[in-house]
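[1] Build me a model:
(one chain, ligands or ions: 2)
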Amino acid sequence: MGQEIQENFSASLHETLSACGDDSDFKGHKTITEIFGKLYVVGATSEGAESPLDVKLFDKATGKWLAPTILGKKPNSSTFHSGVLVTNDRILFLKADSSSNEFSYFLEVDSKFVRERKDLLGGEVVAWSKGSIGDGPKPIVISGPSGVGKGTLINKLMKDFPSTFGFSVSHTTRAPREKEVNGIHYHFTEREVMETEIKEGKFLESALVHGNLYGTSVEAVEAVTDTGKRCILDIDVQGARSVRASTIEAIFIFVRPPSFEELEKRLRDRGTETEEQIQKRLRNARKEIEEGKEGLFDHVLVNDDLESCYANLKKLLGLDSMETSNKAASVDFRTPSSFTISRDAENNIVIDSQDTETKDGIPKKIVLDVSSVRGGAPGRTRGLTVLIEY
Ligand SMILES: Nc1ncnc2c1ncn2[C@@H]1O[C@H](COP(=O)(O)OP(=O)(O)OP(=O)(O)O)[C@@H](O)[C@H]1O
Ligand SMILES: Nc1nc2c(ncn2[C@@H]2O[C@H](COP(=O)(O)O)[C@@H](O)[C@H]2O)c(=O)[nH]1
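    Residues are numbered from 1 along each chain as shown. Ligands and ions are numbered 1, 2, ... in the order given. Take a look at the predicted model:
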């Protein structure tokens, strides 16, 4: 029953679009979803399974096509996809012949993130985020004054748990230090370029820190989440505040020095800053240490003895027993190459295979509970629950 409603609805939108002159220019399969008088047309502009899904927008009231700014990593197209309106701010796209890690993408059209970007950029904005089954690992934000040992602690985590954690590589306008490598430690960039990209909405957060611009790009976070790893952000307190205000659900950790004198000693001994820069960083450190007490952070660690601080960090991340404890719930399947979509009595989304042959790992039915999804662009939409029938 639900399935018929879906097909009739979609067919009438195709008719509406044809009557108005379909300028969407998509090759192969496309879907149309109506939200508040706007038709979101999604398809691929070029042939081939690996071409990205694009979004065109038709405004029924004005009869005009609008070109939205598309944020987030676009999903690759497949032979077939289906769009399901989940709430009035997002559409769920389900892809045929795709792995459980790739089959679901959300297109946000009016989420908080999208509204913020609309204010910033003007015009229409939409944002993609990949769907994640289960809770998925929450990103970790690590803040603290310069020289306290954030980088040292993060390096230890990355070395000991390489398949669990991925580092969000920030952009900065400061000059590289002797052993720093572009693209690994930072994306070193020109100020003008970074300012333009901030205006274009490419950054999740950015801040002026010790006289230079630093920022976390949406792409940097997505590059890590795409690998299924848990993202670690090393950012200052201003950045932590911005991430806290975003849709990203993260764990916020503040690292404190045992004393101000020890902090100064570490900064000097590191030997990477001039005296003037050290003084500036120390002045900012006093402010940051005060801000670290304000309740913005979920956990405060004192980095006195490195090994015991690292042990405490692992403990609060639940890593003291085994490496895999923070991995996302894994459910392995492939979606069928053709399917129909319906809603069941509990309002779950039901994907029914229309494949004529049964194949290993491809369920006959996939039931998706989307009632607890949260998060979203930039990053992932987490909390999809999946029930599978073979
Ligand atoms: N517990 C510790 N005891 C003594 N020295 C430490 C400790 N932790 C880190 N260090 C040293 O302190 C210096 C600063 O550490 P690190 O570069 O990791 O700080 P940071 O917080 O990442 O600084 P920044 O914010 O400037 O990048 C390094 O030389 C590091 O080896
Ligand atoms: N708000 C942000 N702060 C960042 C980011 N990347 C790094 N930082 C912070 O800058 C200072 C100085 O770093 P350094 O490498 O020059 O010593 C430090 O506190 C970092 O945490 C970012 O993307 N956003």
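
[2] Now do the SS call for the residue in the chain that ligand 2 sits nearest to.
    Relative to ligand 2, the nearest point of the chain is G239 (2.5 Å; Cβ to the nearest ligand atom). (C-beta placed from N, C-alpha, C; glycine too.) When classified by DSSP: H, G, I helix; E, B strand; the rest coil, G239 comes out as helix.

[3] ok, now how distant is it from P257?
    Distance, G239 to P257, using Cβ to Cβ, to the nearest Å: 19 Å.

[4] returning to what we had before: dump the residue contacts of the residue of the chain closest to ligand 2.
    Contact analysis of G239 by Cβ atoms under 8 Å, 6 or more residues apart in numbering lists 141, 143, 205-207, 209, 214-216, 233.

[5] repeat for T381
    90, 106, 129-132, 373-375.

[6] Would you mind listing which of those are buried?
    The neighbour-count criterion (16 or more other Cβ atoms under 10 Å) marks 90, 106, 129-132, 373, 375 among these as buried.

[7] Pick out the most distant pair among the residues you listed.
    The two members of these with the most space between them (Cβ to Cβ) are R90 and S132, at 14.1 Å.

[8] So which bits of the chain are right by ligand 1?
    By Cβ under 6 Å from any ligand atom, the residues of the chain that approach ligand 1 are 144, 146-152, 266, 269-270, 303, 305-306, 309.

[9] ok, and which of those residues reach ligand 2?
    Taking Cβ under 6 Å from any ligand atom as the test, ligand 2 is in contact with 146, 150 out of these.

[10] which two in the residues of the chain next to ligand 1 are spaced the farthest apart?
    Farthest-apart pair in these is S146 and D305; separation 20.0 Å (Cβ to Cβ).

[11] So these two - more neighbours on which side?
    Counting neighbours by other Cβ atoms under 10 Å for S146 and for D305 shows that S146 has the greater number, 23 against 10.

[12] Hmm, R266 and the more buried one touching each other?
    No - using Cβ atoms under 8 Å as the test, S146 is too far from R266 to be in contact (9.3 Å).

[13] Rebuild the contacts of G239 as CSV, extending it with pLDDT, neighbour count and secondary structure.
    Output for these, formatted as CSV (pLDDT from 0 to 100; neighbours: other Cβ atoms under 10 Å; DSSP: H, G, I helix; E, B strand; the rest coil):
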residue, pLDDT, neighbour count, secondary structure
V141, 98, 26, strand
S143, 98, 25, strand
E205, 95, 26, strand
S206, 97, 23, strand
A207, 98, 18, strand
V209, 97, 21, strand
Y214, 98, 23, strand
G215, 98, 25, strand
T216, 97, 27, strand
L233, 98, 25, strand
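
[14] circling back to that earlier point, any of the residues of the chain next to ligand 1 buried? List them.
    144, 146-150, 266, 303, 309.

[15] how close does the residue of the chain closest to ligand 2 sit to H14?
    On the measure of Cβ to Cβ, G239 and H14 end up 45 Å apart.

[16] residues in contact with the helix or strand where F252 lies?
    With elements taken from DSSP states H and E, the one containing F252 is strand 251-256. Strand 251-256 has contacts (Cβ under 8 Å, 6+ apart) with 138-144, 148-150, 153, 237, 240, 243-244, 289, 292, 296-303, 309, 313, 316-317.

[17] if you average pLDDT over it, what comes out?
    Strand 251-256 comes out with an average pLDDT of 97.

[18] Sheet partners, orientation included, of it?
    When sheet partners are counted by DSSP bridges, strand 251-256 sits next to strand 140-143 (parallel), strand 299-302 (parallel).

[19] So for Y186, which of those strands sits nearest?
    Counting by Cβ to Cβ, Y186 lies closest to strand 140-143 out of the strands paired with strand 251-256; the figure is 15.5 Å.

[20] then stretch 224-235 to CSV, C-alphas only?
    Backbone C-alpha positions of stretch 224-235 (Å, rounded to 0.1, in the frame of the first residue of the first chain) are rendered in CSV as follows:
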residue,chain,number,x,y,z
VAL,A,224,38.2,10.8,8.4
THR,A,225,34.5,9.7,8.9
ASP,A,226,34.6,8.2,5.4
THR,A,227,37.2,5.8,6.5
GLY,A,228,34.9,4.7,9.4
LYS,A,229,37.5,5.9,11.9
ARG,A,230,36.9,8.1,14.9
CYS,A,231,37.8,11.7,14.2
ILE,A,232,40.2,13.6,16.5
LEU,A,233,40.3,17.4,16.4
ASP,A,234,43.1,19.4,18.0
ILE,A,235,41.6,22.9,18.2
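
[21] what comes up buried for it?
    Using 16+ other Cβ under 10 Å as the test for burial, stretch 224-235 gives 224-225, 228-235.

[22] Return the distance of that stretch from the chain's centre.
    Put simply, stretch 224-235 sits 9 Å off its chain's centre (Cα atoms, centre = their mean, to the nearest Å).

[23] Confidence-wise, which helix or strand of this structure is lowest on average?
    The helix or strand of the chain with the lowest confidence, counting by mean pLDDT, DSSP states H and E, is helix 2-20 at a mean of 60.
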